[in-house]
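Participant: quick one, what's the 3D model for this:
(chains A and B)
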There are 2 protein chains.
Amino acid sequence: MKLNLLLTGNELMAGDIIDSNSAMLAEQIKDFGWRINKKVTVGDELSILCDEIDQLCTGADVLIINGGLGPTVDDLTAVALAKVTNTAIAEHPEALDHLKAWCTLRGFALNASNHKQAMLPQGCEIIANAKGSAVGIKLRHRNCLVLATPGVPSELKPMLANEIIPALVTLFHSDHIQTIRLGVFGLGESAIQELVNEKLADWPADIELGFRASMPVLEVKLTARGENASAELAPWRAKVAELMGDHLLGELPISLALATINALKQNNLQICTAESCTGGLIASQLTSIPGASQVFPGAIISYSNAVKNQLLKVSKTTLATEGAVSETVVRQMALGALDCTGADIAIAVTGIAGPDGGSPEKPVGTVWIAWGTAQNLKTQRFHLPFERTGFQNWVAALSLDLVRRFVLELPEGPDLLKRYQR
Amino acid sequence: MKLNLLLTGNELMAGDIIDSNSAMLAEQIKDFGWRINKKVTVGDELSILCDEIDQLCTGADVLIINGGLGPTVDDLTAVALAKVTNTAIAEHPEALDHLKAWCTLRGFALNASNHKQAMLPQGCEIIANAKGSAVGIKLRHRNCLVLATPGVPSELKPMLANEIIPALVTLFHSDHIQTIRLGVFGLGESAIQELVNEKLADWPADIELGFRASMPVLEVKLTARGENASAELAPWRAKVAELMGDHLLGELPISLALATINALKQNNLQICTAESCTGGLIASQLTSIPGASQVFPGAIISYSNAVKNQLLKVSKTTLATEGAVSETVVRQMALGALDCTGADIAIAVTGIAGPDGGSPEKPVGTVWIAWGTAQNLKTQRFHLPFERTGFQNWVAALSLDLVRRFVLELPEGPDLLKRYQR
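Facilitator: Sure thing, here's the model as predicted:
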């Protein structure tokens, strides 16, 4: 099945909107063994739209048009389709019913702008829109199936899943595609590829190994097609998992916060944080996970030395002699937080996020991390040479991984970040 | 100047990467009055690439190709350009020098993969890459200037700004475009458009009013072109600012956290937070701003009732009788945080982020916010009906705006969120 995609919208061409719809479409059709052959994006101009529709239909099985179905004058998809197929624009009874129902549900009368959305190329079919006012359009041109879809992602997504893909499956040959997505922290893409080349030299040609970097977690994908895809993937998933070792967080969707919370739950442990340079980011990542309250009683964000001293009982003398970014302070912060919150495990971080505040001995990017229990508290100094937000994100990621490893009794790591130890 | 854009990469077609490069290009050229005429995206396949280069050069002044300059076998841009222009691939001395210098700087020898990046269409010029190994390619085809650029955004950005746009300015007519970008919180796009239609009926045709939603802050853009653009914009910027009133945060880049920190600095005030349902998100947003330490001593993340009681001195009886999500508790949290941290102003939040934990009286999405000083502490209940992460983000945004308004002695608001008051 040869599928082309036409995206339309001045806001896309002007860079006011970044297109995520085509990635969503590619993701959804990939599981059936299909891909987008060619993707064209143009502004809202009738003659250009007509030319592109004509060209992209030529030699293709399917053209999906995205955008231009809205109520305003610059929404031109219906008009362009009518012009290209040499038909009139006419009121479509089903589309009108949909619009009336949509307005009634929202408590207002159908106005002229919305009525425009019922004016479609004569004789076309409509595609149901469960979320919005704009119905999709289905017609044939130059022996190609043309499907016009709304530009709003939340409307497109269910229309693809519930209407368009089921229709395509009945019309075209599809493969069964199975994908396993593993979340890995602390190994880079090239390191993994080298490991696979070296240790899994008999990698089968029909299993595709892919990567997607979504910092800080790397996605490792194994894809196979055909009836036996699942069975074929299973042993290779196991082999890859063994190669990744303790860097494997689990199958996606997984985040470091979720992996850490799962490890804590399994071991019936509670965690607290004492944060200086991350300013609450670690606590915020933990509490973004539903059910975090089971393992997280609370945190102290001790940005100033006064709060470090008053709430966490960090010694004023130590702060004066060793400075806030020091091993003794980070230890005292962790112990103070355990004391305040009653948690079993602490993460404490104190560092220099920048852009100011560095010195030759403690440059911007320096951080002390403490993690563990009151009886078994680990500390390590790192230098993470990233700008402020990047630094804060890496400190949070690394801290969560250190705790995950501590709770699961894994070796300290991860490999990729050892080079930043100081 | 008619400019086409060709993006290449299997990862783009597969949806593994979302293209942000074309938005970056559109943004950069917009200030010169140029726009992208047509954008085509294809996978890494030589014949398709060659066809598209040929087609997109026809009738265009400039074709920018993005991607396919890397060291691996699926990077085909140089080969495609040689084929289309009927020239040989040859070692380019300047490109080789660049590659050798790039490798030396990183402490490794030039390998075969990297050497491939010096094999370019004979007779082409190169475009300097300040950030990466891949130089750009400049040649002419069918009377069109072809510029091949790297796909890595951090390499493309300086190449556009420092090499490509200056070159285009010398070759083609450009307009002087001036844009003012205002950050607004708590007014919607349609509300602003209606305000403008109603109150500024004499809006000049040559000033473009645009919007970009980047939750929670809305960007309002005023654009004019020509020598007098700045002078022309000034009075209309003032009129729009007056219409936005206290919803205007300032010129972009501005965030609610930055606007709040600026207000605190101006008034020499310090802020603390006591967070339950946001779990550190407000503190984390404040401390993402460089220099936050001037106004932020720290925060208590009191997720459990025990921590609310022990650190913030919230009464156990109140917790038992009124529940953790109540006005009395949020007041006590705020007062406790002021006491612990010595700050002048507190934000306290306690609510039900979901997905579980709601009841008919306090459904998921309910939140009590307290803000102000110990002597003048405001409280308000809201119901923000968004899923967990959306809820946490809106509570953080709203809290910061309430404090900004408090410190600047503005009316309580913002308008858009009043409907969520309970």
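Participant: where along the stretch 301-422 of chain A do the strands fall?
Facilitator: With DSSP state E, counting those that start in this stretch as the criterion, the stretch 301-422 of chain A has strands at A:345-351, A:366-372, A:377-383.
Participant: who in the stretch 201-350 of chain A is up against chain B?
Facilitator: Residues of the stretch 201-350 of chain A found near chain B (Cβ under 8 Å from any Cβ of the partner chain) are A:210, A:212, A:273, A:275, A:277-284, A:286-288, A:290-293, A:296-304, A:306-307, A:310-311, A:340-342. C-beta coordinates here come from the backbone N, C-alpha and C atoms, glycine included.
Participant: filter those residues to the buried ones?
Facilitator: Those of these that meet the buried threshold are A:210, A:212, A:273, A:275, A:277-284, A:286-288, A:290, A:292-293, A:296-304, A:307, A:310-311, A:340-341, by 16 or more other Cβ atoms under 10 Å in any protein chain shown.
Participant: just the ones in strands from those residues, please.
Facilitator: A:Gly210, A:Arg212, A:Thr273, A:Glu275, A:Gly298, A:Ala299, A:Ile300, A:Ile301, A:Ser302 (DSSP state E).
Participant: just name the most buried of the strands of the stretch 301-422 of chain A.
Facilitator: strand A:345-351 (a mean of 29; mean count of other Cβ atoms under 10 Å in any protein chain shown).
Participant: contact partners for the residue of the stretch 101-250 of chain A found nearest chain B?
Facilitator: As assessed by Cβ to the nearest Cβ, chain B sits closest to A:Arg212 within the stretch 101-250 of chain A, at 5.1 Å. Counting by Cβ atoms under 8 Å, 6 or more residues apart in numbering or on different chains, A:Arg212 makes contact with A:Leu218, A:Glu219, A:Lys221, B:Asp16, B:Ile17.
Participant: with pLDDT, neighbour count and secondary structure as added columns, please give these in JSON lines.
Facilitator: Compiled in JSON lines, these are given as follows (pLDDT from 0 to 100; neighbours: other Cβ atoms under 10 Å in any protein chain shown; DSSP: H, G, I helix; E, B strand; the rest coil):
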{"residue": "A:Leu218", "pLDDT": "89", "neighbour count": "23", "secondary structure": "strand"}
{"residue": "A:Glu219", "pLDDT": "88", "neighbour count": "18", "secondary structure": "strand"}
{"residue": "A:Lys221", "pLDDT": "89", "neighbour count": "15", "secondary structure": "strand"}
{"residue": "B:Asp16", "pLDDT": "77", "neighbour count": "20", "secondary structure": "coil"}
{"residue": "B:Ile17", "pLDDT": "80", "neighbour count": "17", "secondary structure": "coil"}
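Participant: going by distance to A:Asn66, which of those residues wins?
Facilitator: B:Ile17 (18.0 Å; Cβ to Cβ).
Participant: just put the strands of the stretch 301-422 of chain A in JSON lines and tack on mean pLDDT.
Facilitator: JSON lines is the format used below for the strands of the stretch 301-422 of chain A (pLDDT from 0 to 100):
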{"stretch": "strand A:345-351", "mean pLDDT": "98"}
{"stretch": "strand A:366-372", "mean pLDDT": "98"}
{"stretch": "strand A:377-383", "mean pLDDT": "96"}
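Participant: can you check which of those gets nearest to B:Leu182?
Facilitator: strand A:345-351 (35.0 Å).
Participant: what packs against the closest one?
Facilitator: On a contact count with 3 or more Cβ pairs under 8 Å, 6 or more residues apart in numbering or on different chains; DSSP states H and E, strand A:345-351 meets strand A:271-275, helix A:327-341, strand A:366-372, helix A:388-407.
Participant: please identify the most buried of those.
Facilitator: Counting by mean count of other Cβ under 10 Å, the most buried of those turns out to be strand A:271-275, with a mean of 31.
Participant: what mean pLDDT does it have?
Facilitator: Across strand A:271-275, the average pLDDT comes to 98.
Participant: close to chain B: what parts of the stretch 1-150 of chain A are there?
Facilitator: A:13-20, A:22-27, A:30, A:35-43, A:48, A:52.
Participant: what distance separates stretch A:162-170 from the middle of the whole chain?
Facilitator: Here stretch A:162-170 is found 25 Å from its chain centre; the criterion is Cα atoms, centre = their mean, to the nearest Å.
Participant: touching chain B at all, it?
Facilitator: No: Stretch A:162-170 stays out of contact with chain B when judged by Cβ under 8 Å from any Cβ, the minimum separation being 14.3 Å.
Participant: now do the buried residues in that stretch.
Facilitator: Buried residues in stretch A:162-170, counted by 16+ other Cβ under 10 Å: A:Glu163, A:Ile164, A:Ile165, A:Ala167, A:Leu168.
Participant: burial of the closest residue to A:His92 other than its chain neighbours, as a residue count?
Facilitator: Once flanking residues are discounted, A:His92 sits nearest to A:Leu120: 4.3 Å by Cβ to Cβ, 6 or more residues apart in numbering or on different chains. Using other Cβ atoms under 10 Å in any protein chain shown, the number of residues around A:Leu120 comes to 28.
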